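[1] give me coordinates for this.
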Amino acid sequence: MSTDNKEYKKSLRREKFEKKTIKSMIEIYCKYHHQNPVCEECNELLEYAYKRIEKCPLMPDKPTCKNCHIHCYDKKHKERIKTVMRFSGPKMFTHHPILSLIYLKNKFSEKKYNPKGG
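    Sure thing, here's the model as predicted:
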């Protein structure tokens, strides 16, 4: 298997993980706040998040959003997603323990961004 093919598969796995994680977080938030699986407002946020994930230039080595040096969300969506993440993050371990463990593994093994390139 070529190196390019391995990187492509790694990127697809990471993108799938990121999408599954954000979907789970939005579902948790919406369930508690809007009593829906995913209401129209939350679905719009989910679709926006999917587009940002698909366009991420840092895949497959994307850091966690909190530690990312590229702020890809517009101001309106950034505030909404931060609210969702703050609410849902602590609940993820009970709702989705495997995703939580993978997230923690990624968080503690991610490379730190150095703007000077060194």
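[2] assign the residue nearest to the spatial centre of the chain to helix, strand or coil.
    Centroid-nearest residue in the chain, with CA atoms, centre = their mean: residue 18, separated by 4.2 Å. Under DSSP: H, G, I helix; E, B strand; the rest coil, residue 18 falls in the helix class.
[3] so who does it touch?
    Shown in contact with residue 18 (CB atoms under 8 Å, 6 or more residues apart in numbering): 53, 56, 62. C-beta here means a position set from N, CA and C on the backbone, and glycine is covered the same way.
[4] which ones among the residues you listed are found in helices?
    residue 53 (DSSP state H).
[5] mind putting the contacts of residue 18 into a markdown table with pLDDT and distance to residue 101?
    Converted to a markdown table, these look like this (pLDDT from 0 to 100; distance: CB to CB, whole Å):
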| residue | pLDDT | distance to residue 101 |
| --- | --- | --- |
| 53 | 93 | 20 |
| 56 | 89 | 22 |
| 62 | 80 | 18 |
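[6] ok, the contacts of residue 18 vs residue 10, which is closest?
    Nearest to residue 10 among the contacts of residue 18 is residue 62, at 11.1 Å by CB to CB.
[7] just give me the neighbour total for the closest one.
    Around residue 62 there are 20 other residues, counting by other CB atoms under 10 Å.
[8] tell me the contacts of it?
    Neighbouring residues of residue 62 by CB under 8 Å, 6+ apart: 14, 18, 56, 68.
[9] now do the residue nearest to the centre of the chain, the pLDDT please.
    Here the pLDDT value assigned to residue 18 is 90.
[10] hmm, back to that, just among the contacts of residue 62, which is most surrounded?
    The most crowded member of the contacts of residue 62, judged by other CB under 10 Å, is residue 18 (23 neighbours).
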